[in-house]
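Novice: quick check, what structure comes out for this input:
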Amino acid sequence: MSPASSRAASGRDIAPPADQAAAPVTFGASEAAIPLEIEATEQIVKRILDQAIKSVEQQLIQAVEGPIFSALESAGKELAGQLLGNVLGVDEGINLGKVANAGGEGFREGVQSSTAQLTGGQA
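Specialist: Next up is the predicted model:
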């Protein structure tokens with residue numbers, strides 16, 4: 001039995017890569033393309049990784065910005081309400097404690113919202 005037929009009989013007959021199989025027909029030109037194919041693959045993988053990194057960066061920025069903007073929005077609403085009360089004469093002065101509490105509550109809500117976003121709603 002020949003070596004090739006013994007490999008086939010044992011189930012270990014593995015076909016050579018296409019470039020190597022085509023090398024005799026192309027006088028080696030297919031082998032010369034291997035470095036270009038490797039370079040193209042590396043560029044594709046690099047591009048995919050760069051896109052993944054940008055996506056993660058954007059999600060992290062949104063996760064950090066969410067609570068901050070939520071806190072500012074809540075504090076701003078509380079302050080605006082107090083100022084409106086002053087203008088209408090139903091309140092007198094500004095209660096910075098209430099503004100701070102509103103900001104803290106807004107921050108907590110923003111953290112919960114960001115956590116839910118990052119975990120897919122499973123907070």
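Novice: distance between the longest helix along the chain and the chain's centre?
Specialist: Counting by DSSP state H, the longest helix found in the chain is helix 34-88. Distance, stretch centre to chain centre, for helix 34-88: 10 Å (C-alpha atoms, centre = their mean, to the nearest Å).
Novice: give the contact list for residue 93.
Specialist: Residues in contact with residue 93, defined by C-beta atoms under 8 Å, 6 or more residues apart in numbering, are residue 86. All C-beta atoms are positioned from the backbone trio N, CA, C, and that covers glycine.
Novice: check the one 5 residues further on too.
Specialist: For residue 98, the set of contacting residues under the criterion of C-beta under 8 Å, 6+ apart consists of 78, 82.
Novice: low-confidence ranges, this protein, go.
Specialist: 1-30, 121-123 (pLDDT under 70).
Novice: nearest residue to the middle of it?
Specialist: residue 56 (2.5 Å; C-alpha atoms, centre = their mean).
Novice: ok, now which ones touch that residue?
Specialist: Applying C-beta under 8 Å, 6+ apart, no residues qualify as near residue 56.
Novice: how near is it to residue 112?
Specialist: To residue 112, residue 56 is 21 Å away according to C-beta to C-beta, to the nearest Å.
Novice: what's the answer for residue 90, then?
Specialist: According to C-beta to C-beta, residue 90 stands 32 Å off from residue 112.
Novice: of the two, which one has the most company?
Specialist: For residue 90 and residue 112, the more surrounded residue by other C-beta atoms under 10 Å is residue 112, and the numbers stand at 14 against 8.
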